[in-house]
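# next input, structure requested:
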Amino acid sequence: MIFLSFMLSFKLLPHTADLIIQLEATSLEELFKAAAFGLVSVLKPEDLVINKKDFEYQKELESNSINLLLVDFLSDILTLIHIRKGLVSDIEILSLTESYINYTAYFQKVDEFDRDVKAISYHNVKIILNDRNLYEAEIIIDI
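Just a heads-up that it's a prediction; the model follows:
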């Protein structure tokens, strides 16, 4: 324990509050969609009606690489989930390059979440094309 003046102190404690979403898809578009649905399954694993569209959100994002773009995309989705109290029920990816995505996300309103997700981590994000010709990645989320 570290003591500071005026009776202030702090202690650093180990804490495991991360979850990994492991992704695999036949295309980059499908990988991005899988990431969004993986995020949704953490927040509310049951009771989601796929394709129910209470509201939609259209967005364009740019980033320095496809890896960073995936994290930025999920962070953007997570922010909207928290602000609008809705879960992604469908996604249309209109354009996707190594550094740009244009998408429309459709959301289903919910009253509450089963679990909170605080953030999407940039740590160790790497999209690869595996030996089965599938795209794969792992995303660490802070719960």
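
# what comes up buried for stretch 93-101?
Across stretch 93-101, burial judged by 16 or more other Cβ atoms under 10 Å covers 93, 96, 101. Where you see a C-beta, it was placed from the backbone N, CA and C, and this is true even at glycine.

# quick one, what contacts the second one?
Spelled out, it's Leu96. 28-29, 32, 102-103 (Cβ atoms under 8 Å, 6 or more residues apart in numbering).

# PyMOL command to pick out the buried ones of those residues?
PyMOL command restricting the contacts of Leu96 to the buried ones, with burial defined by 16+ other Cβ under 10 Å:
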select buried, resi 28+29+32+103
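
# let's see which of the contacts of Leu96 end up in strands.
Among the contacts of Leu96, DSSP state E puts 102-103 in strands.

# just give me the closest of the contacts of Leu96 to Ile81.
The nearest member of the contacts of Leu96 to Ile81, counting by Cβ to Cβ, is Tyr103 at 14.6 Å.

# wait, Asn124 sits on Ile139?
No: using Cβ atoms under 8 Å, Asn124 is not in contact with Ile139, being 9.2 Å away.
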